[in-house]
Structures are given as structure tokens and as C-alpha cells.
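> What would the 3D arrangement of this be:
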Amino acid sequence: MAAVARRVVFTGHGALTPVGLDIDTFFTALCQRKSGIGRFTYADTSALICQVGGELPDFKPNNFTSNKDHRKSLSKMMARTVQMGFVVSHLAFNDSGLKIGQLDPDRGGVEFGAGMVASELDDLGRASRVSMTGDQGPVSQGIWGEGGIKEIPPLWMLKYLPNMPSCHTSITLDLRGPSNTMTQSDAASLMALGEAYRILQRDVADVFVVGGTESKMNPLSMTRHNLFQSLSRRNDEPEKAHRPFDRDRDGSVLGEVAAAFILEDLEHAKRRGATIHAELASFACGFDRARDGVLMAKLMRTALQRAGAKADEVDHVNAQGLATVVADRWEAKAIHDVFGPKVPVWAMKGNIGTSGAAAGAIEVLGSVLALSRGQLPPTLNCDNIAPDCPIHVHTDGVRPVTKPYVVKLNFTDRGQVGVAVLKRWEG
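Residues are numbered from 1 along each chain as shown. The predicted model follows:
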């Protein structure tokens with residue numbers, strides 16, 4: 001007889017967002033239609049197409065810890081993206097009631113979604129100047145190899161590797177079990193969630209810290225995304241710039257976000273008397289090569305089947321909502337194929353911007369909070385549903401959560417798709 005798969009639940013969470021640096025402030029802001037999108041202050045963006053986005057309000061990582069060793073590491077060994085991931089991991093761990101030394105460290109793991117972390121300009125500036133062939137350059141590779149590289153800080157690479165959030169978290173929380181980092185762009189942290197879920201089901205671990213972190217508040221990142229991404233040009237109306245599924249959508253806005261949660265085997269959570277916020281009922285992933293929504297719809301049906309859920313038991317679909325013409329059309333077609341035009345669709349990026357690898361984590365967290373608190377916040381800036389997006393976008397204020405399941409969807413522009421089904425915890 002096949003072993004019964006273990007059930008997996010959410011028992012802690014932490015968040016850093018443009019609308020709040022704690023869970024209650026974040027969720028209240030969503031319910032009150034607050035936007036964290038404004039003109040950039042992190043750098044001079046006057047030459048960029050898109051000059052607005054979502055910055056964390058007054059984020060000082062050392063304010064979140066009194067540990068001297070942690071403070072030293074935060075300031076000397078971590079770029080901003082890594083700092084954010086480190087902080088939310090500890091926020092989630094503390095929120096769950098877990099204690100270092102009170103769980104088997106070999107049964108605790110870490111999974112993070114992260115992406116390419118752009119170097120701070122100061123870390124490369126002196127090396128570049130030393131390597132220039134004249135006052136105006138260009139940089140000489142020969143000079144760089146002989147002298148410029150010596151000006152790079154010794155720990156430079158360790159500050160910027162995308163696996164550093166997982167590394168620092170596993171070391172400081174003494175979690176010695178499976179550890180991994182997913183780098184699939186907008187789908188990264190949902191893929192991290194799926195891998196942790198499957199490892200827990202296989203009884204290889206009891207507890208996981210799962211999260212996502214990405215800051216695009218860096219001149220290199222801003223420039224790269226303005227060159228290669230479809231970004232909004234609504235610089236005069238920052239709060240209205242990101243318009244998911246709207247007729248007048250013209251692209252995303254950049255943001256910075258970190259979110260983490262504790263994913264735990266149900267029986268382990270019960271034994272320690274943990275507060276359970278929701279259940280992760282299933283996960284599915286695949287590659288929608290045609291990018292026409294057909295496979296995306298199939299994956300949603302697969303995830304529902306694995307969860308033992310029907311389409312009419314879904315309270316809402318938590319959509320990616322990139323607010324680009326192509327991506328929203330693709331996503332809306334898939335949602336319509338599975339649910340028709342009636343199931344409410346919620347998209348959060350109008351509040352906080354698009355944060356790439358962190359998007360899935362913060363959006364999952366939003367639906368976990370909606371399920372546990374019984375309230376679904378509205379979608380911002382979808383004032384006129386686009387004719388090519390035949391879905392029911394929820395925009396009409398806070399509505400009660402009335403059904404037990406949520407479908408969460410994330411995907412990349414190349415076609416990688418992840419789907420998670422969450423279930424309201426009913427004890």
C-alpha cells in the first residue's frame with residue numbers, strides 16, 4: 001500500500017513591501033487601496049523611460065536585529081536584496097514560534113527564489129577608474145587584469161550571489177537539511193515553494209523557510225529593465241501606472257519586495273502547538289512553450305485535481321498581473337479557460353510593483369492572509385477590463401472570502417509556469 005502523502009501547512013510569515021514592513025501594515029494597506037508606487041528616489045532616473053516604482057519605505061536592516069554578528073554580516077557581506085531575504089526569513093521564523101535548538105536541524109530546510117543581484121556601483125567604481133586608458137576610457141581588459149581587479153572588495157562576489165539569502169538563513173537559523181535557490185525570474189519563489197512542498201511530502205524534512213527576495217532599486221537594474229522590459233510610461237501618475245488586465249495598460253513598474261513563510265508538516269506543527277494560517281494543498285509546474293495559455297490552463301486543472309478541489313470551490317485566482325499587453329492576454333485566456341468569467345481574479349502589483357523573483361512569495365502570502373483573515377483586498381487600477389482579458393477582476397473593495405480554495409499562478413516570459421492551490425485552514 002502506498003504511503004499517504006504528508007499534509008503541508010503555513011505556520012509563520014514575514015514581509016517587506018513598499019506599503020509596509022510588517023504583516024499587519026502590509027495587509028491593511030492592500031485592503032485600503034494604498035499604493036506604494038511613486039517616483040524613484042534611490043537614483044536619478046530622469047533619463048529612463050519608466051521613472052516610477054515601488055521602494056521600501058525607510059528600510060534599515062539593522063533595525064530588525066540586535067545580534068552583533070548579524071549586524072556585521074548585514075552591513076559588510078550582504079547586498080540589499082540579500083539583506084531583505086535575511087530579514088524576512090528571521091521575521092517568519094520568529095512569527096512561527098520556532099526556536100533554534102528546539103527542532104532537529106537536519107530536518108529543517110531553506111528554499112528561496114532570487115535573481116541576478118546587480119552590483120552596487122561603489123564596489124566597482126575604483127577598479128573601473130584604475131583600469132581606464134584615459135580620462136574618458138574605455139576600460140582596458142589588460143589593465144583590469146593587472147591592477148583593476150585588486151581594487152575589488154575581497155567579499156564582492158559573496159555579497160551578490162543569488163544563493164546568499166538561502167545560505168545566510170540556513171547558517172544563522174541552524175537549518176542543515178535541504179537548501180536550494182530558484183532563479184526562474186517571476187516564477188522563482190513559487191517554484192521554491194513547490195520544491196519545499198514536495199520535499200516535505202517525501203518526509204525528508206519537517207520544516208522549511210520558503211521565501212523570495214529581489215530589489216530592482218539599483219542603477220544597473222533600472223537601466224537593464226528599461227532597455228529590455230515592457231515598462232509603463234505613466235511617470236506623471238505613479239499610483240495609476242501599473243494597470244493589470246486594464247484596457248489602457250502599458251507595462252509594469254519596478255519594485256522591491258521580500259517575503260518568507262514557514263512551511264511545515266502538519267503533524268509536526270500540531271505537536272508543537274503552532275498557529276496554522278492555511279494549507280498548501282497542491283502544486284504543479286510545466287513549460288508553456290507556445291505561450292498561448294493552453295498548457296497554463298492544463299496545469300491549473302492538474303493542480304486542482306491533485307488538491308481534490310473543483311473549480312467552483314475556488315474563492316479567487318491570485319494572478320501574476322504584469323500589466324503588459326502580451327502577458328495579461330496570455331494569463332487571462334488560461335484563467336478563463338478553467339474558470340470562465342465568474343471567479344474573482346486578484347492582482348497585487350498595482351500596490352507594490354513587480355519584484356521578479358519575489359513576486360510569487362509576496363502574492364502567496366497575500367492569499368494566505370486573505371484565507372486566514374477572511375478578507376480579499378481589491379485589485380488597483382483595473383478601471384476598464386480589456387476586451388482581450390475576459391475574466392472577472394475583483395476591484396470593488398474588500399469582499400469576504402467565502403470558498404475554501406485559492407489558485408496562485410506565476411510564469412516567466414519564456415513559458416515556465418507554476419501553480420499552487422492553497423486551502424483555508426479549518427482545524
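> Run through the chain and note the low-pLDDT ranges.
For the chain, the stretches with pLDDT under 70 are 1-3.
> Show me how it divides into domains.
Here the domain parsing of the chain from automatic domain parsing is 8-117+161-424, 121-151.
> Could you export these as TSV, including mean neighbour count?
Quick note: C-beta positions are derived from backbone N, CA and C, even for glycine. Compiled in TSV, these are given as follows (neighbours: other C-beta atoms under 10 Å):
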stretch	mean neighbour count
domain 8-117+161-424	21
domain 121-151	13
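> Which helix or strand lies directly C-terminal to the helix or strand where Gly14 lies?
Following DSSP states H and E, one finds Gly14 within strand 8-16. Counting by DSSP H and E, the next helix or strand C-terminal to strand 8-16 is helix 23-31.
> which helices and strands does the following helix or strand past that next one pack with?
Using DSSP H and E, the helix or strand that follows helix 23-31 in sequence is strand 37-39. If you count contacts as 3 or more C-beta pairs under 8 Å, 6 or more residues apart in numbering; DSSP states H and E, strand 37-39 packs onto strand 52-54, helix 349-352.
> of all those, which lies closest to Asp106?
helix 349-352 (36.1 Å; C-beta to C-beta).
> And the contacts of the closest one?
17-19, 29-30, 34-37, 54, 242-244, 252-253, 255, 257, 320-323, 359, 362, 379-382 (C-beta atoms under 8 Å, 6 or more residues apart in numbering).
> need the helices and strands packed on strand 37-39 in JSON lines with distance to Val87, can you?
Rendered in JSON lines, the data for these read as follows (distance: least, C-beta to C-beta, whole Å):
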{"stretch": "strand 52-54", "distance to Val87": "17"}
{"stretch": "helix 349-352", "distance to Val87": "17"}
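> Those: which one's closest to Val4?
helix 349-352 (37.8 Å).
> quick one: the helix or strand following that closest one to strand 8-16, angle?
Next along the chain after helix 349-352, taking DSSP H and E as the criterion, comes helix 359-373. When axes from the mean of the first three to the mean of the last three C-alpha atoms, to 10 degrees is applied, the directions of helix 359-373 and strand 8-16 differ by 110 degrees.
> strand partners of the next helix or strand after helix 359-373, parallel vs antiparallel please.
Where DSSP H and E defines the elements, the next helix or strand beyond helix 359-373 is strand 375-376. Paired with strand 375-376 in the same sheet, following DSSP bridges, are strand 399-400 (antiparallel).
> Relative to Asp248, how far out is the most centrally placed residue in the chain?
Nearest to the geometric centre of the chain sits Ala358, at 2.1 Å (C-alpha atoms, centre = their mean). Computed as C-beta to C-beta, to the nearest Å, the Ala358 to Asp248 distance reads 27 Å.
> Check Asn94 too.
Distance, Asn94 to Asp248, using C-beta to C-beta: 43 Å.
> give me every residue that touches Ile362.
If you count contacts by C-beta under 8 Å, 6+ apart, then Ile362 has 15, 17, 212, 257-259, 348, 352, 355 around it.
> likewise Phe26?
Counted by C-beta under 8 Å, 6+ apart, Phe26 has contacts 15, 17, 19-20.
> Can you pick out the most distant pair from those residues?
Counting by C-beta to C-beta, the most remote pair of those is Ala15 and Val19, 9.6 Å apart.
> for the stretch 251-400 of the chain, what spans make up the helices?
Per DSSP state H, counting those that start in this stretch, the stretch 251-400 of the chain carries helices over the ranges 266-271, 294-307, 325-339, 349-352, 359-373.
> which one of these lies closest to Phe59?
helix 349-352 (13.6 Å).
> quick check, distance from the lengthiest strand in the chain to the centre of its chain.
Secondary structure of the chain per DSSP state E: the longest strand is strand 254-265. Averaging C-alpha positions (C-alpha atoms, centre = their mean, to the nearest Å) puts strand 254-265 6 Å from its chain's average.
> quick revisit: Ile100: which of the contacts of Phe26 is nearest?
Out of these, the member with the shortest distance to Ile100 (by C-beta to C-beta) is Ala15, at 21.6 Å.
> neighbouring contacts of stretch 159-169?
73, 77-79, 81-82, 85-86, 89-90, 110-112, 114-119, 123, 153, 158, 175, 179-181, 183, 209, 211, 213, 357.
> cool, stretch 216-234 as well?
40, 42-43, 45, 48-50, 52-53, 55-56, 80, 118-121, 215, 240-243, 249-256, 323-326, 355-356.
> Lys86 - that's part of a strand, no?
Lys isn't right for residue 86; it's Phe. No. Per DSSP: H, G, I helix; E, B strand; the rest coil, Phe86 lies outside any strand segment and is helix.
> could you list every residue that touches it?
61, 70, 73-74, 78, 165, 168-169, 172.
> can we see that at 10 Å?
Neighbouring residues of Phe86 by C-beta atoms under 10 Å, 6 or more residues apart in numbering: 61, 64-65, 70, 73-74, 77-78, 164-165, 167-169, 172, 211, 213, 258, 260.
> Of these, which belong to strands?
211, 213, 258, 260.
> ok, which pair from those residues is furthest apart?
Largest pairwise distance in the ones in strands among the contacts of Phe86, by C-beta to C-beta, is 8.1 Å, between Thr213 and Ala260.
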